[in-house]
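K.L.:
model this:
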Amino acid sequence: MTIKELAEACGWKLLAGEDGQDNLADGCYVGDLLSWVMGRAQAGNVWLTVMGNLNAIAVAALADTSCIVLCEDAALDQDAKKRADMQGIPVYGCSPNLYQTAVQVYERLK
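P.N.:
Down below sits the predicted model:
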C-alpha cells in the first residue's frame with residue numbers, strides 16, 4: 001500500500017513532502033527518542049511520533065522510513081517542513097494518539 005493510500009484511509013493531513021507519497025508502507029514504528037528510532041525503525045516503516053523538528057526529518061532519512069505521522073496534533077516546525085519537502089519525506093498530521101494511530105496502521109496493513 002502506498003503512503004498516500006494509507007493516509008487517505010486513516011484520514012491524515014499532508015503537512016510536507018508531497019513528492020514521497022508513492023512510498024510503500026510495510027510496517028509501523030512508534031517512538032520519540034530519536035537515537036532509538038534511528039537504530040530500530042526499518043526501511044518502509046510508517047514512523048509515528050510527536051517530534052516535528054529538523055532532527056526528526058534527518059532520522060527519517062537515515063532510517064529510510066516511508067513517512068512520518070505526527071500524532072496528537074503535534075506541530076511540524078518550518079525548518080523541518082522545508083527539509084521534508086526538499087528530501088521528499090512525507091509528513092502527515094493526525095489527532096488520535098500514538099496507540100490509536102498504530103492500531104489504524106496495523107488494521108490497514110495486515
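K.L.:
Report the beta-bridge partner residues of the spatially most central residue of the chain.
P.N.:
Central residue of the chain (C-alpha atoms, centre = their mean): Ile68, 1.2 Å from the mean position. When assigned by DSSP bridges, Ile68 has beta-bridge partners Trp47, Val91.
K.L.:
report the longest helix in the chain, please.
P.N.:
As assigned by DSSP state H, the longest helix anywhere in the chain is helix 98-109.
K.L.:
on contacts alone, who are the packing partners of it?
P.N.:
The contact analysis (3 or more C-beta pairs under 8 Å, 6 or more residues apart in numbering; DSSP states H and E) places helix 98-109 against helix 3-10, strand 27-30, strand 45-49. For glycine as for every other residue, the C-beta is placed from the backbone atoms N, C-alpha and C.
K.L.:
Report the angle between that helix and helix 3-10.
P.N.:
110 degrees (axes from the mean of the first three to the mean of the last three C-alpha atoms, to 10 degrees).
K.L.:
Extract the C-alpha set from helix 98-109 and format it as PDB.
P.N.:
Taking Å, rounded to 0.1, in the frame of the first residue of the first chain, the C-alpha atoms of helix 98-109 are listed here in PDB:
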ATOM      1  CA  LEU A  98       0.100   7.100  19.100                       C
ATOM      2  CA  TYR A  99      -1.600   3.900  20.100                       C
ATOM      3  CA  GLN A 100      -4.800   4.600  18.200                       C
ATOM      4  CA  THR A 101      -2.900   5.500  15.100                       C
ATOM      5  CA  ALA A 102      -0.700   2.400  15.400                       C
ATOM      6  CA  VAL A 103      -3.900   0.300  15.500                       C
ATOM      7  CA  GLN A 104      -5.200   2.100  12.400                       C
ATOM      8  CA  VAL A 105      -2.000   1.300  10.500                       C
ATOM      9  CA  TYR A 106      -1.900  -2.300  11.700                       C
ATOM     10  CA  GLU A 107      -5.500  -2.900  10.600                       C
ATOM     11  CA  ARG A 108      -4.900  -1.500   7.100                       C
ATOM     12  CA  LEU A 109      -1.600  -3.200   6.500                       C
END
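K.L.:
Thanks a lot, catch you later.
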